[in-house]
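Asks: just to be clear, the model below is a prediction. Sequence and coordinates:
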Amino acid sequence: MTPTTGNGISRRGVIGSAAVAGSAVALGAAGPLGGSGTAWAAPRGADEAGSLSERLARAAALRWRRMPGDWKDGPFLGNGLLGANVYRGATANSVKVMVSHYHVQDQRPQWAATYGYSRLPIGHFDLTLAGEVTDVDWTLDLWDAELTGTVTTTRGSVRFSMLVHNARSALLISTRPSAGEESAAWSFTWMPAASPRTKGKPADYTGNPDPRTGSAGATHYVEQPLIAGGGWATAWRERRVGTGRLLAAHIVYRYPDDLAKTTELAVAEVARTLAEGPDELVRAHRGWWNRFYRRSLLSVPDKRIQDFYWIQLYKAACATRAGGPSMSEWGPWYPETGGSWTAVWWNLNVQIATWLIQGSNHLELDSVTSTFKDFEKNLPLSLPPEIPNEQIYALSHPSDWTLRPGAHTVGVPGTSTKTDNNGNLSWAMHNVWLSYRHTMDIRIVRDVLYPILVKAVNYYDHFLYEGGDGKLHLPLTRSPEYADAVDCTYDLSLLRWGCATLLDCLRILRTDNPRAGRWREILRRLVDYPRDATGVTIGAGTPLADSHRHFSHMLWLYPLHELTWDRPADRDIMRTTFDHWTEDRGLWAGYSYAAASSMASRMGRPEDALDFLTTFTGNLFDESYMDCYMTANTMYAEDTNLGIESPLSTAQSILDMGIQSHGGVVRVFPSVSRRWPDVSFQALRAQGAFLVDADRAGGRTRWVRVHSEAGAPLVLQHGIAGAIDVRDEHGRRLRYRETGPGRIEIPLGREETAVVAPRGAHPDLRPRDVPAIGDAKPWGLPD
C-alpha cells in the first residue's frame with residue numbers, strides 16, 4: 001500500500017473506479033454485459049410461473065422516467081448497514097450515488113449525541129458522462145433489491161445494474177456504455193466529516209480533519225481520521241473487460257483502532273469481493289431478499305397502497321436488522337440537505353418505525369430487542385447525577401445506536417431540568433414486549449424486557465408521592481412536544497403499563513420479586529388520568545388546547561391498549577378524546593395521520609381509518625396543505641428535515657385494518673373499509689405467536705386459517721356471518737367454544753392449525769392478488 005498525501009488525489013479524483021470497504025456497490029446493465037466478470041444475469045420479470053409473493057413484490061417496483069433530484073425522490077438501496085441513494089449529479093452530465101453507513105459517526109461524548117456521536121457524511125460516487133443527460137429509464141426491483149436501467153445522453157447511453165450486497169455489505173455497480181459514451185467514468189468525492197446539524201451547535205465544535213487519499217495497486221481509498229481516534233476508509237476498484245465494467249466499493253469503520261489497518265481491511269474487502277464472480281455474488285444477494293418476501297403476503301384493492309406496503313417492507317429490510325444498529329431517522333441513507341436528525345431518536349421515532357416488523361412476520365429485523373440486549377450497560381449514562389443509578393435506568397434522546405447519549409441526560413421531574421425523556425425507555429420496552437408477544441420466546445422476557453423494565457419503573461417510582469387524596473402522583477414532567485404537567489398522562493400511562501407488565505413477567509418466568517407488592521400498590525393507588533369535557537387531557541390542569549402532532553397523551557388507547565373498544569364502558573372516553581385530538585390537524589406530522597388511522601381501526605371506524613391513511617399517502621409535495629409530506633419515493637419530509645419513520649408507521653396502519661391481536665383476541669378484518677371489498681393476506685403474525693391467513697371477498701370474510709407456533713390460548717374474532725366449520729389442516733373437525741358474536745375459542749396446541757369457514761364451504765385456501773380498484777401509478781417518478 002502506497003498512500004499519497006491529501007493532495008495526491010483530488011476530492012473528485014479516482015476516475016473509472018469506485019468501491020467502499022465494509023460495504024459494496026454495483027451498478028450494472030439491465031441485461032448481461034459484455035466482458036466476463038463485469039456483470040450478472042438480469043432480473044427476470046414477474047410472471048405466472050413465479051410465486052404470488054414474487055409477483056406482488058415485482059409489481060411494486062418504483063420507476064423513474066425523469067431524473068430524480070435528491071434524497072426525497074431518488075432510488076435507495078441498503079442492507080441494514082450500508083446505504084446508497086441515486087440522483088442528479090452536480091452537472092448536467094453526471095449521476096450521483098451517495099453512500100453512507102450506520103457505523104460512521106463521531107466519538108466525542110463531551111457533547112450531546114447530536115454532535116458528539118453525530119452520524120457523519122462519507123461522500124458520493126459520480127458517473128461523469130460525455131453528453132448531457134436527456135432521459136432516464138430506471139426500475140428499482142424490490143424482489144431482487146436491485147436498481148437497473150439506462151441513462152441516455154446527447155452522446156449515447158449507459159446501461160447499468162446496481163445493488164448493495166446483502167451479505168458482503170458492498171456496493172456493486174455494473175455498467176455498459178454505448179458508442180459515444182465510452183469515456184463515461186466514475187470518480188469519488190469525499191465530504192467533510194462534520195455534523196450537518198446546525199441547531200444548538202456547541203461553540204467549541206469543530207469538524208474532523210480532512211482525509212488522506214491513496215491507492216494500493218489498482219484499488220483506491222480515502223482514509224478518514226477522527227479527532228477522537230480511529231475512523232473509516234472508503235475503498236474501491238473498477239474492473240473492465242471489453243465494454244463491461246464492474247465497480248466494487250467497501251466502507252470499513254473502526255474505533256478506536258489503528259486507521260491504517262482499517263484501510264488495509266477495506267482494500268482487502270474490495271479484493272475479496274472482486275475475486276468472486278458477479279453471478280455468485282448476486283445469487284446469494286437475491287436469495288436472501290427472495291426468502292424475505294416469502295415470509296408474508298398482503299394484497300388490497302388499492303394497488304398504490306398495496307405497492308406502498310411492499311415498498312415499506314423493502315425499506316425496513318434496507319434500514320435495519322436484528323443484531324444491527326437500531327433504526328435512525330435517516331436509516332442508512334445520508335441526506336445532503338435536511339440533515340438535522342443526526343442520531344437515534346427515542347421519544348417516538350424508533351418505536352413507531354419498527355412496529356411493522358412484528359405483524360408482517362419479519363422479526364429478523366428486530367434491532368430494538370437486540371440493541372437493548374447488547375447495550376443495556378449504557379443506560380445508566382442517561383441518568384443525571386442527582387438520580388441514583390444502582391437500580392434505575394433511563395434513556396435519553398437522542399442517543400447513538402449503542403444507547404450512549406453523550407453530554408445529555410434525562411431531567412429530574414419536579415425541577416427546572418425536567419425533559420420529555422421520562423418515558424423513552426418504558427416505551428421502547430413496549431416494543432420489546434410486542435416482540436415477545438408475537439413470538440412467545442421467553443428469552444426476550446428473561447434476558448431483555450424484565451431486567452430493564454424493573455429499573456425503568458424504578459425511575460418513575462423514585463418520584464412518586466402521596467397526595468392529599470391518598471393517591472400516588474407524579475410531579476411536573478413534560479408531555480413530549482406539548483407542555484409541562486403534573487400527573488402527565490403520557491408518564492402515568494407508561495408507568496401503569498410498566499407495573500402491569502412486570503407482574504405479567506413474573507408469571508411468565510414463574511418467579512417473584514420483592515418489589516412485586518409495590519407494583520401492585522402503584523396499580524391500585526396511581527391517580528386516574530386527568531379528564532375534562534374534551535376527554536383525557538395532557539395532565540392535571542393542562543388541557544389539549546390546540547393542535548398537537550404527538551399522540552403522547554393517548555398512549556393508553558394506542559399502542560398500550562389499556563382501554564379497549566371491546567369494553568363498552570371504555571368507549572365514551574376513547575371516542576371523546578380521539579375526536580378532540582383529530583379536530584385540529586394544523587400542526588400534525590405524517591405519523592399523526594398513521595396513529596389516527598390505527599386508533600380509528602381500533603374503534604370500529606374503518607372509513608375514518610382509510611381516510612387518515614390516504615390523506616397522508618396521497619399528500620405528495622403539497623406543502624401548502626401541511627409542511628409534512630410523503631415524498632415520491634415514499635420517504636418523508638417534515639419542514640426542512642428528512643426522515644423515514646412516518647411511512648413505516650403508516651404500513652402498520654394498513655396491517656391494523658386487516659388484523660389486530662391486542663387484549664388476547666386475534667381479530668381478522670376488524671377495520672376494512674367498504675371501499676375495499678376484497679383483501680387477502682398470508683402468514684401475518686399475531687400476538688400469541690399465531691400465523692394467520694385470511695381472505696375477504698365482496699365485503700365478506702371467506703375463510704381464516706390460524707397456525708399456532710407456541711400453543712398459546714387462541715380467541716379468534718373471525719368475522720364470518722352465520723354458522724361455521726372449524727377444522728384442522730387435514731379437514732378433521734376441531735373443538736371450539738363460542739365466546740361472543742363472531743368470536744370463538746379454539747384449544748390449539750403447539751404447531752397445530754385451525755381453518756374457519758362458513759358451514760359447508762370448501763374454500764380455496766390459497767392467497768390471491770385481489771382485484772384492483774382504480775388505477776395505480778407506480779411510486780417514484782414514472783411520468
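Replies: Looks like it came in fine.

Asks: residues contacting the residue of the chain positioned farthest from its centre?
Replies: Taking Cα atoms, centre = their mean as the measure, the residue most remote from the mean C-alpha position of the chain is Gly468, 45.0 Å away. With contact set as Cβ atoms under 8 Å, 6 or more residues apart in numbering, Gly468 has no partners. In this view, the C-beta of every residue, glycine as well, is placed from N, C-alpha and C.

Asks: and it, how far from Gly719?
Replies: Counting by Cβ to Cβ, to the nearest Å, the gap from Gly468 to Gly719 is 49 Å.

Asks: one more: Ala130?
Replies: Separation of Ala130 from Gly719 (Cβ to Cβ): 62 Å.

Asks: which stretches of this protein have low pLDDT?
Replies: Applying pLDDT under 70 to the chain picks out residues 1-36, 45-49, 620-626.

Asks: gap between the biggest helix by length in it and the chain center?
Replies: Using DSSP state H, we find that the single longest helix of the chain is helix 489-509. Relative to the chain's own centre, helix 489-509 is displaced by 25 Å; criterion: Cα atoms, centre = their mean, to the nearest Å.

Asks: next, work out how far apart Leu449 and Gln107 are.
Replies: For Leu449 relative to Gln107 (Cβ to Cβ), the value is 30 Å.

Asks: before we move on, what about Glu466?
Replies: According to Cβ to Cβ, Glu466 stands 45 Å off from Gln107.

Asks: can you get me a residue count around the residue nearest to Asp639 when sequence neighbours are not counted?
Replies: The shortest distance from Asp639 to any residue that is not its chain neighbour, by Cβ to Cβ, 6 or more residues apart in numbering, is 4.9 Å, and that residue is Asp627. Other residues near Asp627 number 13, with proximity taken as other Cβ atoms under 10 Å.

Asks: quick revisit: so Leu449 and Gln107 - more neighbours on which side?
Replies: In terms of neighbours (other Cβ under 10 Å), Leu449 is the more surrounded of Leu449 and Gln107; the figures are 27 against 19.

Asks: in three-state terms, label that one for me.
Replies: Classification of Leu449 into helix, strand or coil gives helix, according to DSSP: H, G, I helix; E, B strand; the rest coil.

Asks: how long is stretch 635-649 from one end to the other?
Replies: With Cα to Cα, to the nearest Å as the measure, stretch 635-649 spans 12 Å from end to end.

Asks: any chance you could list what contacts it?
Replies: 71-72, 76, 308, 312, 315-316, 319, 327, 329-331, 333, 335, 337-341, 348-350, 352-356, 589-591, 593-595, 616, 627-631, 634.

Asks: which of these are buried?
Replies: Buried subset of the contacts of stretch 635-649 (neighbour count, 16 or more other Cβ atoms under 10 Å): 71-72, 76, 308, 312, 315-316, 319, 327, 329-331, 333, 335, 338-341, 348-350, 352-356, 589-591, 593-595, 616, 628-631, 634.

Asks: out of these, list just those in strands.
Replies: Where the buried ones among the contacts of stretch 635-649 overlap with strands, as defined by DSSP state E, the overlap consists of Phe76, Cys628, Tyr629, Met630.

Asks: measure the closest residue to Arg674 other than its chain neighbours to Val679 for me?
Replies: Leaving aside its chain neighbours, Arg674 sits nearest to Gly699 (6.5 Å; criterion: Cβ to Cβ, 6+ apart). From Gly699 over to Val679 the distance is 10 Å, taken as Cβ to Cβ.

Asks: who has more neighbours, those two?
Replies: For Gly699 and Val679, the more surrounded residue by other Cβ under 10 Å is Val679, and the numbers stand at 25 against 13.

Asks: find the nearest non-adjacent residue to the more buried one, please.
Replies: Closest residue to Val679 apart from its sequence neighbours, by Cβ to Cβ, 6+ apart: Arg696 at 4.6 Å.

Asks: was I right about that neighbour contacting Ser680?
Replies: Yes: with contacts counted by Cβ atoms under 8 Å, Arg696 reaches Ser680, the gap being 7.2 Å.

Asks: tell me the SS of the residue farthest from the centre of the chain?
Replies: Reduced to three states by three-state DSSP, Gly468 is coil.

Asks: now it: how far from Ala228?
Replies: Distance of Gly468 to Ala228, computed by Cβ to Cβ: 52 Å.
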